[in-house]
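Engineer: Let me see the structure of the following:
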Amino acid sequence: MLAGAEALPERCVVLTFDDGPGATLGEGPGPRTGELAVYLADEGITATFFVCGKHLREHPAVALRVLELGHCLGNHTYSHPHLPEIRDEQIAEELSSTLDLLEGAGAELPVPFRPPYGDWDARCAGAVNADARLREAHSGVVGWDVDAGDWEAWERGGHAGPVAAAYELATTTGRGRGIVLMHDSSADAGERGTAMRAANRTLDVVTRLVPRLRAAGYVFAPLSSVLPG
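Structural biologist: Numbering: from 1, shown residues only. As a prediction, this is how the structure comes out:
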């Protein structure tokens, strides 16, 4: 699992977002991948959005906009399963079906891959590497260094201010550098996922967090700066 902190200088972070893309009409909370991508581009920050195929199929125009703004799309499987708990052929299908959608959206190969929940083992790696297309179309397995549990806040209807403060604290008192994990939507199914998406305030968190980290002397790097090659 690639963590990435060791490849970055001090006070340097990479912003990554999981479980999107998503879109919300009107004002208020909810998945706002497009608006988030615009804000980051305006700030000169290149982020990586690890998308789920089931959401990419629903919001192809949002994914296209993310790419047009200079950000990166990554593979986060189609339905967000615990990969070590499913069969080899299911693992390959989860990645392959999303890869097809990523290519259709115009993503440049190879793309980074992040396993749902960070669950990854040697058997999962073998299932992917046994398929030449999957092996060559992915640039690495990407983990994270900074996680303040934004999704848990959205699950309980939390607000952006405390979540932004938690991410600032986790960044500045931890390794002081590395890959930051946040969620621009939720991949959970059923009522739980619906509620978490409806309460998502990640855009508000990021607009608070970015200026605070910059004021503390932090800079932002693209994920490509820590990937092999």
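
Engineer: is it true that residue 23 touches residue 32?
Structural biologist: Yes. Look at residue 23 against residue 32 with CB atoms under 8 Å: they come within range, at 7.1 Å. To be clear about C-beta, it is placed using only N, CA and C from the backbone, and glycine gets the same treatment.

Engineer: quick one: low-confidence parts of this structure?
Structural biologist: Along the chain, segments meeting pLDDT under 70 span 1-5, 229.

Engineer: which stretches of it form strands?
Structural biologist: Under the criterion DSSP state E, the chain contains strands at 12-20, 48-51, 72-75, 111-113, 138-141, 178-183, 219-220.

Engineer: Spatially nearest residue to residue 112 (excluding sequence neighbours)?
Structural biologist: Using CB to CB, 6 or more residues apart in numbering and skipping residues adjacent in sequence, the residue nearest residue 112 is residue 74, 4.2 Å away.

Engineer: likewise residue 162?
Structural biologist: Using CB to CB, 6+ apart, the nearest residue to residue 162 is residue 153, at 7.2 Å.

Engineer: go on, residue 109?
Structural biologist: residue 137 (4.9 Å).

Engineer: Number of residues surrounding the one you found?
Structural biologist: Neighbourhood size, residue 137 [other CB atoms under 10 Å]: 20.

Engineer: next one: residue 55
Structural biologist: Residues lying near residue 55 (other CB under 10 Å) number 29.

Engineer: residue contacts, it?
Structural biologist: Counting by CB atoms under 8 Å, 6 or more residues apart in numbering, residue 55 makes contact with 19, 20, 21, 22, 185, 187.

Engineer: Recalculate using a threshold of 7 Å.
Structural biologist: Residue 55 is in contact with 20, 21, 22, 185, counting by CB atoms under 7 Å, 6 or more residues apart in numbering.

Engineer: still on that earlier bit, out of residue 23 and residue 32, which sits in the busier spot?
Structural biologist: A direct count of neighbours by other CB under 10 Å for residue 23 and residue 32 places residue 32 higher, at 25 against 18.

Engineer: Go ahead and confirm the more buried one touches residue 203.
Structural biologist: Yes. Between residue 32 and residue 203 there is a contact at 4.5 Å, judged by CB atoms under 7 Å.

Engineer: From residue 13, how far out is residue 101?
Structural biologist: Distance from residue 101 to residue 13, counting by CB to CB, to the nearest Å: 28 Å.

Engineer: which of those two has more neighbours?
Structural biologist: residue 13 (26 against 21).

Engineer: Report the contact partners of that one.
Structural biologist: Counting by CB under 7 Å, 6+ apart, residue 13 has contacts 171, 177, 178, 180, 213, 218, 220.

Engineer: Now stretch 66-85: buried residues?
Structural biologist: Going by neighbour count (16 or more other CB atoms under 10 Å), the buried part of stretch 66-85 is 66-67, 69, 71-81, 83.

Engineer: typo on my end, stretch 214-225
Structural biologist: For stretch 214-225, the neighbour count (16+ other CB under 10 Å) marks 218, 220, 221, 222, 223 as buried.

Engineer: Excluding chain neighbours, what is closest to the first one?
Structural biologist: If you skip the residues right next to it in sequence, residue 218 has residue 11 as its closest partner in space, 4.7 Å away by CB to CB, 6+ apart.
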